[in-house]
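Asks: Next one to model:
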Amino acid sequence: MRCTPIKTAIWVRRSWSGSGRALIHRVLKPLEIEGHRPPEPSTKLQADDAHAAEVTSAVYSPALGKVVALGYVRVEYAEPGTEMVGGELRAGVRIPR
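Replies: Numbering: from 1, shown residues only. Have a look, this model is predicted:
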């Protein structure tokens, strides 16, 4: 689908709040996941029984002894140290060092 100037203007207008600032719902954050097996991309994580994040990529880090990942995290759960679960996975937003 080609995006015409009028379609772009409609999309931009719908994306902006009344204050003139875009609404941001998710941010890309580094995650730490317990265990040695990286989860599949698109794995959903929950916090407080609500959808909190979605893993985009993950890999085991021998230096840290755990899995590190990147994921889109809802802004209300994006603070470093926030704990999340996804099935048997336990994950958290990585604390900067």
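Asks: who touches residue 81 in this structure?
Replies: 92, 93, 95 (CB atoms under 8 Å, 6 or more residues apart in numbering). Quick note: C-beta positions are derived from backbone N, CA and C, even for glycine.
Asks: what's the residue nearest the centre of the chain in contact with, if anything?
Replies: Central residue of the chain (CA atoms, centre = their mean): residue 72, 1.6 Å from the mean position. By CB under 8 Å, 6+ apart, the contact set of residue 72 is 26, 27, 28, 29, 53, 54, 56.
Asks: Which ones among the residues you listed map onto helices?
Replies: Among the contacts of residue 72, none falls in helices (DSSP state H).
Asks: Narrow those to those that are buried.
Replies: For the contacts of residue 72, a burial check counting by 16 or more other CB atoms under 10 Å picks out 29, 53, 54.
Asks: Residue 78: which of these is nearest?
Replies: Nearest to residue 78 out of those is residue 29 (CB to CB; 5.7 Å).
Asks: For the closest one, give its distance to residue 62.
Replies: 22 Å (CB to CB, to the nearest Å).
Asks: one step back: which among the contacts of residue 72 gets closest to residue 86?
Replies: Set against residue 86, the nearest of the contacts of residue 72 by CB to CB is residue 53 (8.3 Å).
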